[in-house]
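Visitor: Need coordinates for the below:
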Amino acid sequence: MKHQESIDSILRSTQLNWPEAYETMSPAVLRMVRVHHGFNQTLESAIGQYQLQVADFGILVTLRRYPAPYCLSPTTLYSAMLFSSGGLTKVLNRVTQAGLIERVDNPEDKRSKLVQLTTSGKTLIDKVVLELHLQQQRRMAVLTSDEQAQLNHLLSKLGGR
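Guide: Numbers count the residues shown, from 1 in each chain. As a prediction, the model looks like this:
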């Protein structure tokens, strides 16, 4: 597969051929987009080998962050997810059919069902997250621990609280 054009090359060609756009460009934004794309590919690769989609992963990892029995209402689940999942009901149905979550009665509201991580869902997400974090750590290893802390601080200022 062909490598993508470097950000420096993109900046040079824009400066040369589109100076009006170059004047207002943010090289940092271009770099963040490229880095995001790389981490997204890492995520998709890590979860794809388990036939998971990003939305499926989002549900499993969100439920796992909460105390046992890893159970939330659909509304709480949606608001607690790191990235939004359009069509949550469709995703919940898919992950339920895979046996990774189950819908259980809500003791506080008989009209609704809660979403609960199954034992196999917990086992899978524990494995996937460990593999994903190892891959992410390898990518981050180009930065010192101080640089990683500084990057985290700067990104939090940009809105990644």
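Visitor: Would you point out the helix or strand in this protein whose mean pLDDT is lowest?
Guide: helix 74-80 (a mean of 92; mean pLDDT, DSSP states H and E).
Visitor: From the contact counts, what lies against that one?
Guide: helix 54-64, helix 88-97, strand 113-117 (3 or more Cβ pairs under 8 Å, 6 or more residues apart in numbering; DSSP states H and E). C-beta: built from backbone N, CA, C; applies to glycine.
Visitor: What residues sit buried inside the longest one?
Guide: Buried residues in helix 54-64, counted by 16 or more other Cβ atoms under 10 Å: 55-64.
Visitor: ok, so of those, who is nearest Lys90?
Guide: Ala55 (8.6 Å; Cβ to Cβ).
Visitor: pretty sure the closest one is touching Val91, no?
Guide: Yes. Ala55 is in contact with Val91 according to Cβ atoms under 8 Å; the separation is 4.4 Å.
Visitor: so what's Leu143 up against?
Guide: Applying Cβ atoms under 8 Å, 6 or more residues apart in numbering, we find Leu143 in contact with Leu151.
Visitor: And for Leu63?
Guide: So Leu63 contacts 70-72, 77, 101, 115-117, 121, 125 (Cβ under 8 Å, 6+ apart).
Visitor: Okay, strands next: where are they in this structure?
Guide: Listed in chain order, the strands of the chain (DSSP state E) span residues 71-72, 101-105, 113-117.
Visitor: can you put the helices and strands packed on helix 74-80 in CSV and add distance to Ala149?
Guide: Formatted as CSV, the helices and strands packed on helix 74-80 follow (distance: least, Cβ to Cβ, whole Å):
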stretch, distance to Ala149
helix 54-64, 23
helix 88-97, 34
strand 113-117, 32
